[in-house]
Structures are given as C-alpha cells and as structure tokens.
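>>> Curious how this folds, go ahead:
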Amino acid sequence: MIPSCTRTLLVLILLLAGSPVHAGPVPYGLLHVETHSDAFPVRDLIRGIGRQFRPGEQHVGFGRAESGVSFGRAHLGLLYRYEVFAHSSRGASELIWRSETDQDIPAGRYWPLRLAINQVAMHGVTAGYLFRPTASLTLSGNMQLLKATEMIDGHVNGAIATDAADYQGQARLQYFYTRDALWERPTNRRYGTGLALDMKLRWRPNARHEVSLELLDALNGIYWRQMYYTRAWLTTDRISYDSDGQLDVRAAMTGYEGNSSHWQRLPVKAYLRWHGGLAGRRLGAEVLWVDDYRDVRLRYYVTRWPGAYVAATAEGAVGLGYQRGSLALALQLDAAPKQARTFTLGIAWQPPGR
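Alright, predicted model coming up:
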C-alpha cells in the first residue's frame with residue numbers, strides 16, 4: 001500500500017506533467033540561508049561557543065538548497081533543508097555561555113530558566129505550480145515531501161537562585177531527539193516523514209510597483225514514529241545540615257526515558273516585500289517574521305549598475321545584492337564574519353517571476 005503522503009506527491013507530479021507548457025525544460029537552482037542570534041556570533045554556534053556574549057533571547061537559523069527543472073509554470077526538484085529555532089530567557093543564555101566557556105557562576109542572582117528548541121535536518125522532493133488569475137496577480141504553491149534525519153524538539157522551564165556556597169532551584173525538562181545530547185542515551189537511527197506547503201502571492205498594480213507575500217511552511221508537519229524522548233525534574237529541595245552545621249544542598253533528579261510517536265511542526269516564515277519607484281529611484285522593502293523574531297530590510301537599487309542594490313536591516317546588517325533576469329545574489333552581515341550575529345546569503349538561478 002502506498003503511503004498517503006506519497007500518493008499526494010504522485011498526484012502533483014501527474015498534474016504537473018499534464019499542465020500547459022509554454023517552454024521547454026529549464027534548470028533552476030537556489031541556496032538561501034538566514035541566521036540570527038541575539039546572544040552569540042553565528043560562527044560560535046557552529047564551531048563552539050567562545051568568549052563573545054551579550055544578553056539575548058532569540059536564536060533563528062534556516063536554510064535550503066534546491067535544484068530542479070521548470071516546465072513553463074510548473075517545476076519539480078530536489079531539496080535539502082536545515083532549521084533551528086530557539087527561544088531562551090536571558091538567564092538561560094548566560095548560564096549556557098558560562099558553562100560552555102568554564103566561567104564562574106555569579107552568586108547572589110536569580111536565574112529564570114526558559115529554553116525552547118526546535119531543530120531538524122531533512123531532504124526530499126518538491127513540486128510547484130504558478131497560477132495567474134489576472135494579468136496583475138499571481139499565486140504559486142510549492143509542495144514538499146520530506147524525509148527528516150535529525151531532530152530536537154523540546155523545552156526547559158524553571159529557575160535557579162545562586163549564593164556564595166550553593167544554589168537552589170527547580171527545573172522541568174521534556175524533549176524528543178534523534179541523539180541525546182544531555183545524558184548520551186543510546187539511540188538507533190530514526191526517520192521522520194513530513195509534508196510542507198509554501199505559498200506566494202504577488203500583486204503588480206502597475207508597471208512601477210510590486211507587492212508580494214511569501215509564506216514558507218504555511219502548512220507543515222513531520223511525523224516521527226516511536227521517537228526517543230526524555231522527561232526529567234531537577235530540584236534542590238533536599239537541603240540538610242552537614243557535620244559542621246552548614247547547609248548541605250543536593251540536587252535530586254527524577255524522570256524517565258521512553259519512546260512515543262511525535263508530530264514536529266516548524267514555524268511559518270513570512271516575507272512581506274515591496275519593490276517600486278519613488279522620486280525617480282528604485283527602492284525595495286522587506287519584512288521577515290518568524291514567531292517572535294522580526295526584521296525589516298531596505299534596498300536601494302544603484303542606477304549606474306542595473307540590478308545591483310545595497311541593503312540595510314533593522315538588526316544592523318548591511319549588504320550588497322544583484323537581481324536581474326534569472327540571477328539573484330544577496331549577502332548581508334551585521335559585523336565581520338567572525339563576530340556577525342545576523343547573516344543572510346542568497347544565490348538563485350531560476351526563471352523570472354517564479
């Protein structure tokens with residue numbers, strides 16, 4: 001019996017094969033990466049946390065590499081995706097930094113501990129079609145059938161108070177994983193199966209202005225059968241006096257490990273864009289919205305070099321780009337590569353208007 005998700009993709013492929021084609025097959029490819037961390041340089045998150053730190057709560061990273069063939073308004077391709085989203089209290093971010101860099105934990109502080117993380121690596125097949133209801137309006141849909149190979153999905157909640165000699169507090173943890181990074185529980189290979197739908201609406205009221213709304217993962221879900229998970233409670237309520245009359249604080253951990261089927265859902269990545277001309281200048285604006293993270297980007301197109309533009313963002317990043325015909329390039333950073341906390345890279349070769 002064919003799984004329902006596979007049947008869905010086969011139906012899409014048949015529809016694409018039977019759709020009107022006004023041009024021969026045209027290859028396309030794209031690479032898009034967005035990363036931002038309030039607290040750490042992006043390089044440190046990849047290679048290991050270093051000495052650079054500032055208080056922060058948002059940590060966002062997502063990217064995809066895709067290659068395939070377009071048939072007129074339809075396309076079919078292969079893709080690889082990696083995404084990680086984390087939201088932490090400032091206290092949790094600082095404790096992680098101090099622990100990873102072997103620094104002392106300051107006494108006399110109260111540390112709220114809140115950390116939610118959602119991470120996945122996956123690859124699959126993508127198929128899409130562009131509809132043109134009117135001359136000024138286009139709507140495109142892109143369906144992905146995904147096989148996930150790596151994941152973490154969980155959260156920690158609690159608080160710790162530190163003094164000169166010890167600490168007190170409580171924390172509760174629950175997370176699903178393909179590899180146990182905390183207690184190194186032995187695990188075997190697990191795979192998830194998922195679907196994701198991207199949607200894009202583009203409106204061009206006249207020759208000078210264009211507005212678009214793109215929703216990546218507008219609908220999505222990844223199903224993990226019998227996934228590994230851990231639930232744990234940590235408390236320091238076991239307080240007593242030692243032989244010298246000093247308080248003896250001992251942490252007690254209880255919990256259990258198990259396996260359970262799990263649906264993992266990814267946040268919607270929304271892009272609202274405008275391109276147009278004002279006062280004889282070509283300009284652009286973009287708003288990115290992912291859960292609690294938002295960024296505003298502005299573009300100024302250089303008249304002397306058609307297609308080239310400079311960009312600046314609300315997060316403090318600046319960059320250069322080029323967009324003309326089938327080619328699009330973009331690079332934005334908020335600091336030198338080793339210190340950058342915001343990084344955007346885009347490379348694409350695809351039919352205009354897709």
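
>>> ranges for the helices of this structure?
For the chain, the helices defined by DSSP state H occupy 4-17, 42-47, 90-100.

>>> Which residues belonging to stretch 40-53 are considered buried?
For stretch 40-53, burial by neighbour count (16 or more other Cβ atoms under 10 Å) applies to Phe40, Pro41, Val42, Arg43, Asp44, Leu45, Ile49, Gln52, Phe53. Glycine gets a C-beta too; all of them are placed from N, C-alpha and C.

>>> which residues sit against it?
Residues outside stretch 40-53 that contact it (Cβ atoms under 8 Å, 6 or more residues apart in numbering): 35-37, 39, 56, 59, 61, 93-94, 96-97, 100-101, 335, 337-343.

>>> hmm, try it at 7 Å
Residues outside stretch 40-53 that contact it (Cβ atoms under 7 Å, 6 or more residues apart in numbering) are Thr35, Ser37, Ala39, Trp97, Glu100, Thr101, Pro337, Lys338, Gln339, Ala340, Arg341, Phe343.

>>> residue closest to the middle of the chain?
Phe62 (3.4 Å; Cα atoms, centre = their mean).

>>> which stretches of the stretch 201-350 of the chain form strands?
Per DSSP state E, counting those that start in this stretch, the stretch 201-350 of the chain carries strands over the ranges 210-241, 247-264, 269-278, 281-290, 293-301, 308-313, 318-324, 327-333, 342-349.

>>> Looking at the ones you listed, spot the one closest to Leu76.
strand 342-349 (16.1 Å; Cβ to Cβ).

>>> Who are the packing partners of the closest one?
strand 26-37, strand 327-333 (3 or more Cβ pairs under 7 Å, 6 or more residues apart in numbering; DSSP states H and E).

>>> Could you list the paired strands of that strand along with their orientation?
Here strand 342-349 is paired, per DSSP bridges, with strand 26-37 (antiparallel), strand 327-333 (antiparallel).

>>> any idea of the mean pLDDT for the first one?
So that's strand 26-37. In this model, strand 26-37 has a mean pLDDT of 95.

>>> ok, and for that strand, which residues are buried?
Of the residues in strand 26-37, Val26, Tyr28, Leu30, His32, Val33, Glu34, Thr35, His36, Ser37 count as buried by neighbour count, 16+ other Cβ under 10 Å.

>>> can you list contacts of it?
So strand 26-37 is in contact with 42, 45, 56, 58-70, 75, 293, 315, 341-351, going by Cβ under 7 Å, 6+ apart.

>>> if you set the cut-off to 6 Å instead, what comes out?
Applying Cβ atoms under 6 Å, 6 or more residues apart in numbering, the external contacts of strand 26-37 come out as 42, 59-67, 69-70, 341-351.

>>> filter those to the buried ones?
42, 59-66, 70, 341-346, 348, 350-351.

>>> any idea how far the closest residue to Gln103 other than its chain neighbours is from Gly169?
Distances taken as Cβ to Cβ, 6 or more residues apart in numbering place Trp97 nearest to Gln103, at 7.6 Å, with adjacent residues excluded. Using Cβ to Cβ, to the nearest Å, Trp97 is found at 18 Å from Gly169.

>>> re the thing from before, isn't the residue nearest to the centre of the chain right up against Glu83?
Yes - at 4.1 Å, Phe62 counts as touching Glu83 under the criterion of Cβ atoms under 6 Å.

>>> What's the local residue count around Pro186?
Pro186 sits with 6 neighbouring residues when counted by other Cβ atoms under 10 Å.

>>> Now do the phi/psi pair for it.
Per-residue torsions, Pro186: phi -60, psi 130 (degrees, to the nearest 10).

>>> Check Thr187 too.
According to degrees, to the nearest 10, Thr187 has phi -140, psi 150.

>>> wait, what's in contact with it?
Thr187 makes contacts with Tyr228, as judged by Cβ under 6 Å, 6+ apart.

>>> Kindly recompute the last result at 8 Å.
Taking Cβ under 8 Å, 6+ apart, one finds Tyr177, Thr178, Arg179, Asp180, Tyr228 in contact with Thr187.

>>> Filter those residues down to the buried ones.
For the contacts of Thr187, a burial check counting by 16+ other Cβ under 10 Å picks out Tyr177, Thr178, Asp180, Tyr228.

>>> quick one: which of those is nearest Ile152?
Tyr177 (5.0 Å).

>>> Quick check: the closest one vs Trp224, distance?
In terms of Cβ to Cβ, Tyr177 sits 10 Å off from Trp224.

>>> hey, what's in contact with both of the two?
With Cβ under 8 Å, 6+ apart as the test, Tyr177 and Trp224 both reach Met151.

>>> Would you mind listing the buried residues in stretch 262-274?
His262, Gln264, Leu266, Pro267, Val268, Lys269, Ala270, Tyr271, Arg273.

>>> where do the strands sit along the stretch 1-150 of the chain?
Counting by DSSP E, counting those that start in this stretch, the strands of the stretch 1-150 of the chain are 26-37, 58-71, 74-88, 109-134, 137-162.

>>> Redo the ones you listed as JSON lines? Include distance to Glu210.
Converted to JSON lines, the strands of the stretch 1-150 of the chain look like this (distance: least, Cβ to Cβ, whole Å):
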{"stretch": "strand 26-37", "distance to Glu210": "19"}
{"stretch": "strand 58-71", "distance to Glu210": "20"}
{"stretch": "strand 74-88", "distance to Glu210": "21"}
{"stretch": "strand 109-134", "distance to Glu210": "14"}
{"stretch": "strand 137-162", "distance to Glu210": "10"}
